[in-house]
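**Q** Provide a 3D model corresponding to the input given below.
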Amino acid sequence: MIKKLSFFISIILFGSAFGQNPQKDKEVLQKQNADLKKQISSLNSTLNQTKQESKLSIAYLNAVNQKLNLREKVYNNTQKEKRFIEDDIYKRQLEINKNNRELEVLRKNYAEILVKAYKTKGVQNKVTFILSSKNMGEALTRIEYLKRYSDYQDKKAAEISNKANEIKKNITLKKRSALEKDNLLLNQKKDLATIEAERIQKQQLLDEFKKNEVRLTGELRQKQTQSKELERQIRNIIAEEIRIAKAKEEAEKKAEAERKRLAEIAAKKEKDRIEAENRAKIAAAEAERKRAELEAKKASDLAAKREEEQKKLAETNKTIEKKEAAERASKEAADRAKIANERVAAAKANEDAINKKNDDAKDDAEKKVMKSYGVGSTVGSNFADNKGHITFPVEKGTVTHRFGRQPHPVFKNIVEENIGIKIAVSPGTKARCVFPGVVSSIQAINGSRTVIVKHGAYFTVYSNLASTLVKANQQVSAGTLIGEVGSDFDESITLDFQIWSGEKPVDPLGWVSY
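**A** All right, here's what the predicted structure looks like:
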C-alpha cells in the first residue's frame, strides 16, 4: 500500500513539473533529443578534423567536454521519457482493471435479463400478454413496453461489446508502451556505455595533458609572451591611429571654422541681394495694407456715425420715410465697413505671404551656400549603436577562451589575461569583418598575420591569420572576408578576436551576436 501511495505521489510531482499533457511533453523531450544528437554528430565531425591537427589542445578538450555534456542531457531526457511511458503503462493497467470490473457487472446484469426472457417462454407468451389486454389502448401500451424491453436488451449487449473492445484497445496500447519502454531501456544501456567510454576518453586526455605539462606550459608561457608583444604593437598602432585622427579632427575643426566664416559672408551677401530684390514688393504690400486700414477706419467711423443718427431719429416723431432712409444709410455704411475690413485682412495676408517667401528664399540661399562650402557635413560612426547585434567574426565556431582574467582549463597554476576571445574553427575557415569600416593596418607578427579595422572611435582586431584577403586603407563591409584562420601553438585552428573602444579593449561577447 505504501509503495502504491509513493508511486502516486511521484506521478503527481512529475506531472506538475512537466505540465498537464504528458504526450505533448514526451514529444518535446524527443524533439530536444533529436536536436542534441544533431549537435553531437556535428561535434564528432569537428573532433575527427581536430584530431588530425592535435588532440592536446583546449579546443579539442572543450569539444570532448561539450559532447559529454550533450550525451548526459540526452540520457536525462530519456529518463524523463521513460517515466512518462511507465506512467502511461500504469494508467493503462488501471483503466483495464476498471473496465474488467464494469464488464463483469454488465455481463451479470445481462445474464439476469436473459433468464427473465427465458422464463416468459419467448414469442408465445408475448402474444398472450398482448391479447390479454382489456382494450386497444392497453394492448398498444403493452406493445410499446415489449419494444422498449427489447431495445434495452440490445443496448446492454452493445455496452458489453463496446467495453470488451475498449479493454482490447487498452491492452494493445499497454503492450505498445511496454515495447517502447524496452527499446528505450536498450538505448539507455547503449548511451550509458557511450558516456562511460567518453568519460574514460576525457580522463585519458587530461592524463595526457598532465604527462606533457612541462612542454605545454612552456609553450603556453611562450604564447603569452608573444600575445603581450602583439598587444603592445596593437596598442601602439591604435594609439597612432587615434593621434592621427585627433590631429585630423583638429585640422578639420579649423578648416570648418574658416569655411563657416566664408560661408556666412557669402550667405549674408546672397540674403542682402534677395532682400533688395523683394524690397519694392514688401513696401508695396505694406503701403496697400496701410491704405486698406485707413479706408477701413473711415468706413468704420461712418458706420458708427450713421448708427448713432439712426438711434436719435428713432427716439423722435419723424416720419417713417425718414426713419427708413436713416436705416438704409446705416446699413450701407456697415456694409462698406465690412468690405473695408475684408480688404485689410487680404492686404495683411498678402504682406505676410511676401515676407515669408522672402525669408524662405534667404534660408534656402544660406543652406545652399553652407553646403557648397562643406559646412556641417561630417558623418559619424554608429558602431556603438549596434552593441549586441554585431556579426560574429566566423560563420561557425566555439569560444574556447573568454575575455579578461581566466584560469587555464587544465593547468590551474596558470592564469590567462585575455584582451579578446579565442574561437576554435574548422580548417579552411575564413574570418569576416563584423561591421563596416576601413582596414587600418595589416601586421605580420610571429609568423601569423593580424588585421586591424577602424570603425570610427572603435577598432576590431583579427589575429592568428594564415593569410589575408584585404589591403590597408580598404573600405570593408560587414561580412567582408578578412583572411583564413591559422593554427595556434597547440596546432588547433583558432581565431583571436578583439574589440577596442579607443585605447581600451572591451569584451567582444558583449558586442557580437553569439
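**Q** and the helices in the stretch 201-350 of the chain?
**A** 213-315, 320-372 (DSSP state H, counting those that start in this stretch).
**Q** now do N464, the pLDDT please.
**A** Looking at N464, its pLDDT stands at 92.
**Q** what's the local residue count around it?
**A** 26 (other CB atoms under 10 Å). For glycine as for every other residue, the C-beta is placed from the backbone atoms N, C-alpha and C.
**Q** quick one: contacts for the residue positioned nearest the centre of the chain?
**A** Residue closest to the average C-alpha location in the chain (CA atoms, centre = their mean): H389, at 10.4 Å. Going by CB atoms under 8 Å, 6 or more residues apart in numbering, H389 touches S513.
**Q** out of the helices of the stretch 201-350 of the chain, which is closest to I499?
**A** Ranking these by proximity to I499 (CB to CB) places helix 213-315 first, at 11.4 Å.
**Q** picking that back up, mean neighbour count for the helices of the stretch 201-350 of the chain - can I get that in JSON lines?
**A** Listed next are those as JSON lines, based on neighbours: other CB atoms under 10 Å:
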{"stretch": "helix 213-315", "mean neighbour count": "14"}
{"stretch": "helix 320-372", "mean neighbour count": "15"}
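**Q** if we can go back for a sec, distance of the residue nearest to the centre of the chain from C433?
**A** 15 Å (CB to CB, to the nearest Å).
**Q** likewise R336?
**A** Taking CB to CB, one finds R336 at 79 Å from C433.
**Q** repeat that for D87.
**A** D87 is 54 Å from C433, by CB to CB.
**Q** who has more neighbours out of these two?
**A** C433 (22 against 18).
**Q** isn't that one up against Q475?
**A** No: judged on CB atoms under 8 Å, C433 makes no contact with Q475 at a distance of 10.3 Å.
**Q** ok, now which ones touch S477?
**A** Counting by CB under 8 Å, 6+ apart, S477 has contacts C433, P436.
**Q** per-residue pLDDT, it?
**A** 90.
**Q** K254 too?
**A** Predicted confidence (pLDDT) for K254: 80.
**Q** sec struct for I423, please.
**A** When classified by DSSP: H, G, I helix; E, B strand; the rest coil, I423 comes out as strand.
**Q** next one: it, what pLDDT does it get?
**A** 92.
**Q** now the angle from whatever helix or strand I143 lives in to helix 213-315?
**A** Taking DSSP states H and E as the criterion, I143 maps to helix 136-211. Helix 136-211 runs at 130 degrees relative to helix 213-315, counting by axes from the mean of the first three to the mean of the last three CA atoms, to 10 degrees.
**Q** tell me what helix 136-211 is packed against?
**A** helix 58-119, helix 122-131 (3 or more CB pairs under 8 Å, 6 or more residues apart in numbering; DSSP states H and E).
**Q** to N350, which of those helices lies closest?
**A** Per CB to CB, nearest to N350 of those: helix 58-119, 80.3 Å.
**Q** for that closest one, packing partners?
**A** helix 2-18, helix 22-53, helix 136-211, strand 398-401, strand 421-424.
**Q** change it to 10 Å
**A** helix 2-18, helix 22-53, helix 122-131, helix 136-211, strand 398-401, strand 421-424 (3 or more CB pairs under 10 Å, 6 or more residues apart in numbering; DSSP states H and E).
**Q** other residues contacting the next helix or strand after the last one?
**A** Right, the one you point to is strand 421-424. Under the assignment DSSP H and E, the closest C-terminal helix or strand after strand 421-424 is strand 430-432. Contacts with strand 430-432, where a contact means CB atoms under 10 Å, 6 or more residues apart in numbering, come from 391-395, 397, 423, 425, 451, 460, 462-469, 476-485, 495-497.
**Q** follow-up on the earlier one: out of the helices and strands packed on helix 136-211, which is the most enclosed?
**A** Stretch with highest mean neighbour count among the helices and strands packed on helix 136-211: helix 58-119 (a mean of 16; mean count of other CB atoms under 10 Å).
**Q** what is the least confident helix or strand in this structure?
**A** helix 2-18 (a mean of 44; mean pLDDT, DSSP states H and E).
**Q** scan the chain for its longest strand.
**A** strand 458-468 (DSSP state E).
**Q** relative to E72, how far out is N65?
**A** Distance from N65 to E72, by CB to CB: 11 Å.
**Q** which neighbours do these two have in common?
**A** In contact with both N65 and E72: E198, using CB under 10 Å, 6+ apart.
**Q** just to revisit the earlier point, any idea how far the residue nearest to the centre of the chain is from A478?
**A** H389 is 10 Å from A478, by CB to CB.
**Q** identify the contacts common to these two.
**A** F435.
**Q** now do the contacts for the nearest residue to K163 once chain neighbours are set aside.
**A** The shortest distance from K163 to any residue other than its chain neighbours is 4.6 Å, reached at L103 (CB to CB, 6 or more residues apart in numbering). By CB under 10 Å, 6+ apart, the contact set of L103 is E159, I160, N162, K163, A164, E166, I167.
**Q** repeat that for G420.
**A** The neighbourhood of G420, defined by CB under 10 Å, 6+ apart, consists of 227, 231, 234, 401-404, 460-463, 495-500, 505-509.
**Q** need phi/psi at it.
**A** Dihedral pair for G420: phi -160, psi -150, per degrees, to the nearest 10.
**Q** I493 pairs with what?
**A** Counting by DSSP bridges, I493 is bridged to S487.
**Q** got a pLDDT number for Q310?
**A** For Q310, the predicted pLDDT is 65.
**Q** what of the one 5 residues further on?
**A** With respect to pLDDT, E315 has a value of 60.
**Q** L481 now?
**A** 95.
**Q** how close does it get to R432?
**A** 6 Å.
**Q** the two: which is more packed in?
**A** R432 (20 against 13).
**Q** before we move on, back to that, want to throw the contacts of L103 into a markdown table with neighbour count, pLDDT and distance to E307?
**A** Formatted as a markdown table, the contacts of L103 follow (neighbours: other CB atoms under 10 Å; pLDDT from 0 to 100; distance: CB to CB, whole Å):
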| residue | neighbour count | pLDDT | distance to E307 |
| --- | --- | --- | --- |
| E159 | 15 | 81 | 105 |
| I160 | 16 | 82 | 110 |
| N162 | 13 | 85 | 104 |
| K163 | 18 | 82 | 107 |
| A164 | 15 | 82 | 111 |
| E166 | 16 | 86 | 104 |
| I167 | 18 | 84 | 109 |
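**Q** poorly predicted segments of the stretch 101-250 of the chain, please.
**A** 117-130, 212-221, 224, 249 (pLDDT under 70).
**Q** alright, I will stop here.
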